[in-house]
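*Asks:* Sequence and predicted structure below; questions after.
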There are 4 protein chains.
Amino acid sequence: MNPLTGVVPPVCTPLTPDREIDVHSLLRLVDHLVDAGVQGLFVLGSTSEAAYLTDRQRRLVVETVVRHVRGRLPVLAGVIDMTTPRVLDQVARVTAAGADAVVATAPFYAATHPAEIARHFRLIAAGSPVPVIAYDIPAAVHTKLPADLVLQLAAEGVLAGLKDSSGDLAAFREIVTGARAHPDISDFSVLTGSELFVDAALALGADGAVPGLANVDPHGYVRLDRLSRAGDRHRARAEQERLCALFGMVRAGDPARMGGSSSALGAFKAALHLRGVIDCPATAHPQVPLSEDEVGRVGKFLAAAGLL
Amino acid sequence: MNPLTGVVPPVCTPLTPDREIDVHSLLRLVDHLVDAGVQGLFVLGSTSEAAYLTDRQRRLVVETVVRHVRGRLPVLAGVIDMTTPRVLDQVARVTAAGADAVVATAPFYAATHPAEIARHFRLIAAGSPVPVIAYDIPAAVHTKLPADLVLQLAAEGVLAGLKDSSGDLAAFREIVTGARAHPDISDFSVLTGSELFVDAALALGADGAVPGLANVDPHGYVRLDRLSRAGDRHRARAEQERLCALFGMVRAGDPARMGGSSSALGAFKAALHLRGVIDCPATAHPQVPLSEDEVGRVGKFLAAAGLL
Amino acid sequence: MNPLTGVVPPVCTPLTPDREIDVHSLLRLVDHLVDAGVQGLFVLGSTSEAAYLTDRQRRLVVETVVRHVRGRLPVLAGVIDMTTPRVLDQVARVTAAGADAVVATAPFYAATHPAEIARHFRLIAAGSPVPVIAYDIPAAVHTKLPADLVLQLAAEGVLAGLKDSSGDLAAFREIVTGARAHPDISDFSVLTGSELFVDAALALGADGAVPGLANVDPHGYVRLDRLSRAGDRHRARAEQERLCALFGMVRAGDPARMGGSSSALGAFKAALHLRGVIDCPATAHPQVPLSEDEVGRVGKFLAAAGLL
Amino acid sequence: MNPLTGVVPPVCTPLTPDREIDVHSLLRLVDHLVDAGVQGLFVLGSTSEAAYLTDRQRRLVVETVVRHVRGRLPVLAGVIDMTTPRVLDQVARVTAAGADAVVATAPFYAATHPAEIARHFRLIAAGSPVPVIAYDIPAAVHTKLPADLVLQLAAEGVLAGLKDSSGDLAAFREIVTGARAHPDISDFSVLTGSELFVDAALALGADGAVPGLANVDPHGYVRLDRLSRAGDRHRARAEQERLCALFGMVRAGDPARMGGSSSALGAFKAALHLRGVIDCPATAHPQVPLSEDEVGRVGKFLAAAGLL
């Protein structure tokens, strides 16, 4: 894992119509991703609907994927929970199930302070048998990880990497260049969670990307990563723009009827269903399902991108 | 429980120095509250540090309190978790442990939409063997429960009450008067979570209060409730103002060193420790402990309020 | 003016169909308010659409009202602008036009810090020939005036009063009781900007209220104020609840078509037009006008409150 | 001006110690920028402290710069004010003073809705004798201009360009690629307001940049722009990284003593003073001045970047 690079999709969690883990579909999805050439798998992230899965379901997901992958590529597991003691419980569960690294956010629900965020990650690292990757996702946890704190924790060896889903490329760059320049930081993976500017993130020195849309089109992101590394910026940009257009599917759901998560995760699963990868496009409760018309819109995005 | 009225403290969770549940202190705290004349107990709320307790610890708290109270007054239990499936797991746990009602927030971490919030509460009510009380706490979950949605769910029988920790008295009043006027709503408890305007909330028709500070001074809140019900507004206001002054303790912690939760919950526990109710003032990780000086400040607030 | 008490309506600014100041309607509106027994007038506040009026229009409003009122009651004027130098320009204009006091917000547009807010009010007071009242309106300026800062500035003689449109009754109470207890503060007016809990604010010690809805029903708010002062809490509450129901008009506008300001200010002006006080219900650009149906809804609120 | 490309600095406004416009320093600053090869000047933007300048001062700035530049390059002028009628007054003033284009934000202070934002820009364009550029600056106005609205207004001919200070590269890219693909949009300038990812913005197709730091180091940004256009991505990235390090000066001010604006604008002006371009580093009231130590920190950033 030292350091993790390339495309590391946050793996969707296929569900049955009665909202249980659809293990067969999950295995097909993993094959679909591995066959496309991704370099790691991130289960139990936001795109995986981790916030909607019970602890039993979370454990089943990790066990299923780890057993199937058999070490061919690293499996990172989210440990999404409110505070340190609960996150440590999640760490124990996913590492017992075989995860190669854990991905933890700042505390949420509880109000937080940078000093408390620092304690949080230090205590998680002290209690985790595997490397800890910070997950910066202010839209979910309502705080932004300060760049200087991330670099400090990286220098201490507390953090092995960062998944940045903040959308803030300037702060991301500060970490990328700060990590490169810091004498005590090596093997620190800086990964963008963006679907929409992976080309830019790689161009400024990022190690890789964790784009939710890579569930739908892993070949596209793998191509984009390879073109970027080869220095072929024009074709990388064209590939990225094709993926940006495809990403428009996340707005398929009517905002008068549902929130952004229902629409985006519903669209990814509808697309995977339309592409024949998973058996059922259901999302977890209380998300609102896409209507037939809305699924039709998703299909048009697939067709326009040459994926149907 | 029909409907719940009076003072229903959100019970602090005493911890040992190594952050385990301190069962003996918890029992003493419950006695301290019950003896003062409170009319219900709310365990596993925000003041209880529910966000910081593992599921094992949460269960121990509910079992301990339920067994000790033996039905003398209702025990409400928070089921704080991110989304419907996880909340339903919490419901199963706390009702197995004997809770008389569950208290649930809107979904958090995941982005939400009013339609999803409505589905969330309907599914929880369908899956809960006991009444469901909505917990409106926008500072934690980053959405405000719309008054018309609360009234709609009350009319459907989905909700049995509301604990309003929004600080928005105007919206609270809309629910109080709306519930009174609605032909399909009866036995719906509207409770304020404020420490600072319980007199005003009761004067406009609220059923009761769930003030965190009632851990420290339950007699004061019980007195305030009785004075308010007796129509003695001048003495009620004087009692409320004494409690407002006492509440100043929540700012004992230095904001350069810690967040508001560390300071407020640290102060409540320090006060309970100084008053001899609990053995150890520790708060859960990753909260920052109060310094000796800061504990000294808490002591001054107690002294000024005649509680030392 | 020492101190200002009672009902001080934020006076709507009637416009002609081509969005000029309708002086005749403005005079009728002032008579409507004065005749009802209000104890002051606040022109150029948010309800007055000050943010939408040019400096020439603002000056015309102050001159018109001051000349008409002839000292019978104090005229406060908003000096809504982004930062200190621009606010001081507004102070010069409205005091040249005869305003008895100025009402100033924290800086906006520019990011602010408590130290900068303090400097802002000190510099305004130093440059103003009339008393300065602080206008706490976080929904507009995106910072909340800290209670301790307001009390500090009151003790220094920088501020003569506070208009609190924050909706935060707990912080409001801290200022009311803090001002009363402070040895260096006297004649400081603490006024609530709420329409919906004037009874509660007066009960806890506020000096008066500045409710936008008092444009529509000044008699109601004057009655509420008198009942509150007479200690008749039951009839005060009933009057307040009638006014709360009337306030429902602010949601007359379709939220899919317009923002909250278009809807609320459009409703107030439609109501004044329906009641025959002003000639034209137009609101300033770029607000979206109410449709005929939406005006009909406003009429129903008036009828239900016995005002048509 | 069709379309505007390259580096267009938002010109700082030098002040005298008593906070009047320092015309001589302003002329020297304009020469410093023009001589470095910038392709336009943006006066009265946020970096220009427009929010802190009186209307008289604003007019003096535009007249001074327009007269000095004599048409050698376009002068854009901000028309920062709360709502349409006030912005139109600003448009009249700055165009009378000779501005070649106006730069307008969404309404602020007043709550806004997309429909109101659309009306706002349409009315401004109808009332402006020169092209209108939208200024997307959510940190100041607390709304983000939706990408589809910007494209719609561009297609209608309402907008001639966009200055994007949102920091949201994904939304920026949507406008860049959307404008290129739209049959009705031509000569539309998409400019990033970022200091920190100008290389990335140009690489994905932006027309130019409006970086505040270009006041301090215009040669650096002109070089970056030329390297980017020449396709020399490696040297462009190195230049950008040098400028990112220099930008660290915006944190020179102690956050316990002042806000971000005081610190950042104070640092730019201190740097211009240290470089001998302006006579006095004063910022407008109520901003807090940098201390001697903090100015020393700014000097170290200049030295590290080879600018002293």
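*Replies:* Sure thing, it's come through.

*Asks:* Doesn't A:V103 belong to a strand?
*Replies:* Yes - the assignment for A:V103 (DSSP: H, G, I helix; E, B strand; the rest coil) places it in a strand.

*Asks:* can you pull the pLDDT of it?
*Replies:* As predicted, A:V103 sits at a pLDDT of 98.

*Asks:* Kindly report the same for the one 4 residues further on.
*Replies:* At A:P107, the model reports a pLDDT of 98.

*Asks:* That one - nearest residue in space that isn't next to it in sequence?
*Replies:* A:T83 (4.8 Å; C-beta to C-beta, 6 or more residues apart in numbering or on different chains). Heads up, the C-betas are built off the backbone N, CA and C, glycines and all.

*Asks:* quick one: the one you found and B:H285 touch, right?
*Replies:* Yes - using C-beta atoms under 8 Å, A:T83 makes contact with B:H285 at a distance of 7.2 Å.

*Asks:* what touches both of those two?
*Replies:* Contact criterion C-beta atoms under 8 Å, 6 or more residues apart in numbering or on different chains; residues shared by A:T83 and B:H285: A:120, B:52.

*Asks:* quick one, which of the two is more surrounded?
*Replies:* When A:T83 and B:H285 are compared for neighbours, A:T83 comes out ahead with 27 against 21, by other C-beta atoms under 10 Å in any protein chain shown.

*Asks:* What's the separation between the more buried one and D:F121?
*Replies:* 45 Å (C-beta to C-beta, to the nearest Å).

*Asks:* hang on, the earlier thing: contact partners for the residue nearest to A:P107?
*Replies:* A:T83 touches A:107, A:109-110, A:120, B:51-52, B:284-286, counting by C-beta under 8 Å, 6+ apart.

*Asks:* wait, which of the residues you listed is closest to chain C?
*Replies:* Top of the list for closeness to chain C, among the contacts of A:T83 and by C-beta to the nearest C-beta, is A:A110 at 20.3 Å.

*Asks:* Any idea how far apart the tips of stretch A:85-105 sit?
*Replies:* 13 Å (C-alpha to C-alpha, to the nearest Å).

*Asks:* That one: which residues count as buried?
*Replies:* A:85-91, A:93-95, A:97-105 (16 or more other C-beta atoms under 10 Å in any protein chain shown).

*Asks:* Inside helices: which ones of those?
*Replies:* A:85-91, A:93-95 (DSSP state H).

*Asks:* now these in TSV, with pLDDT?
*Replies:* Conversion of those to TSV gives the following (pLDDT from 0 to 100):
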residue	pLDDT
A:P85	98
A:R86	98
A:V87	98
A:L88	98
A:D89	98
A:Q90	98
A:V91	98
A:R93	98
A:V94	98
A:T95	98
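
*Asks:* just to revisit the earlier point, closest to A:A203 out of the contacts of A:T83?
*Replies:* Checking these against A:A203 by C-beta to C-beta gives A:H120 as the nearest, at 32.1 Å.

*Asks:* OK, contacts around the closest one?
*Replies:* A:83-84, A:87, A:104, A:106-107, A:112, B:285-286.

*Asks:* So which residues on chain A come close to chain D?
*Replies:* A:167-170, A:173-174, A:177, A:194-197, A:199-200, A:203-204, A:233, A:237, A:241, A:244 (C-beta under 8 Å from any C-beta of the partner chain).

*Asks:* Who wins on neighbours among the contacts of A:T83?
*Replies:* A:P107 (29 neighbours).

*Asks:* surely it meets A:E116?
*Replies:* Yes - between A:P107 and A:E116 there is a contact under C-beta under 8 Å: 6.6 Å.
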